[in-house]
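Asks: from the sequence below, what's the structure:
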Amino acid sequence: MSLISDMKVLYHMAVRPVRGKTHASRMENFYGGQAGDYDAFRKRLLKGREELWQQLGTNEGEVWLDMGGGTGANLEAFGDSIAKLKKVYVVDLAGSLLKMAEQRAESHGWNNVVTAEADATRFVLEEQQADVITFSYSLTMIPDWFAAIRHAHALLKPGGRIGVVDFYVSRKHPDEAFRKHGWATRSFWPVWFASDNVFPSPDHVPYLHKLFEPVYFDERKTRLPWFPLPFFKTPYYLFVGKKRD
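Replies: Now for the predicted structure:
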């Protein structure tokens with residue numbers, strides 16, 4: 001990725017104001033000018049996506065929903081196994097990103113991939129229920145993320161799987177099973193990300209564990225590209241859960 005492309009993305013992330021009266025218009029305003037450079041930059045920024053897909057696995061005939069799936073870059077983690085899925089929905093509010101997803105699906109010959117410009121809290125599924133639902137760095141960008149998770153729970157069939165990878169911060173006093181972050185981490189990162197309407201939450205991890213049966217869970221930290229403090233890393237987590245029968 002070129003320096004010019006990096007600067008273009010960083011301008012939209014750190015300098016350019018995000019405008020719009022609705023969440024959908026703000027999403028399009030934020031991503032519209034960087035859609036073409038989106039994937040290359042975020043491949044270095046957003047860690048753990050490929051591993052999440054490996055942990056979820058794929059089974060023949062499944063229906064998969066990628067909520068906030070944007071350009072459809074996540075689908076490339078499927079490899080050849082994408083052909084055995086019945087249908088894959090890429091759901092997002094940013095039409096400019098979905099255009100990239102449509103081009104990607106066409107170039108790969110993925111006839112079972114469908115894009116949907118829709119809200120993750122209200123998306124209507126053609127099939128009765130889904131086998132797998134994923135949120136890859138999208139849950140922090142959904143204002144009513146509680147509703148998004150509850151809606152995903154309703155859309156999943158019994159035994160269906162949910163996969164989430166995203167930024168987060170811990171609660172001040174988390175359960176013993178979860179990692180505890182210091183004051184600086186808990187205070188700094190929500191403010192840093194908020195300018196881009198990204199809201200790392202201390203409640204993602206506990207709520208996912210409450211609503212779903214945990215299958216895989218890991219808490220990690222990563223360095224952000226171009227971040228001025230190289231030793232100050234942002235926390236992120238991977239969660240795979242199963243809807244209880």
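Asks: scan the protein for its longest helix.
Replies: If you go by DSSP state H, the chain has its longest helix at helix 95-108.
Asks: pLDDT averaged over that one - what is it?
Replies: Here helix 95-108 scores 91 as its mean pLDDT.
Asks: now do stretch 72-85
Replies: pLDDT averaged over stretch 72-85 gives 89.
Asks: how about stretch 151-169?
Replies: 97.
Asks: quick one: residue 236 is in a strand?
Replies: Yes: assigned with DSSP: H, G, I helix; E, B strand; the rest coil, residue 236 falls within a strand.
Asks: without its sequence neighbours, what residue ends up closest to it?
Replies: Nearest residue to residue 236, sequence neighbours excluded (C-beta to C-beta, 6 or more residues apart in numbering): residue 167, at 5.1 Å. C-betas here are computed from N, CA, C, even on glycine.
Asks: wait, what's in contact with the one you found?
Replies: By C-beta atoms under 8 Å, 6 or more residues apart in numbering, residue 167 lies in contact with 137, 140, 189, 193, 198, 200, 234, 235, 236.
Asks: likewise residue 75?
Replies: 66, 69, 82, 88, 90, 101, 104, 105, 108, 110, 113.
Asks: how does it look with 10 Å?
Replies: Residues near residue 75 by C-beta atoms under 10 Å, 6 or more residues apart in numbering: 53, 64, 66, 69, 82, 85, 88, 90, 101, 104-105, 108, 110, 113.
Asks: so which of those residues are in strands?
Replies: 64, 66, 88, 90, 113 (DSSP state E).
Asks: helices and strands around the longest helix of the chain, which ones?
Replies: Helices and strands touching helix 95-108, by 3 or more C-beta pairs under 10 Å, 6 or more residues apart in numbering; DSSP states H and E, are helix 23-31, helix 38-45, strand 87-92, strand 113-117.
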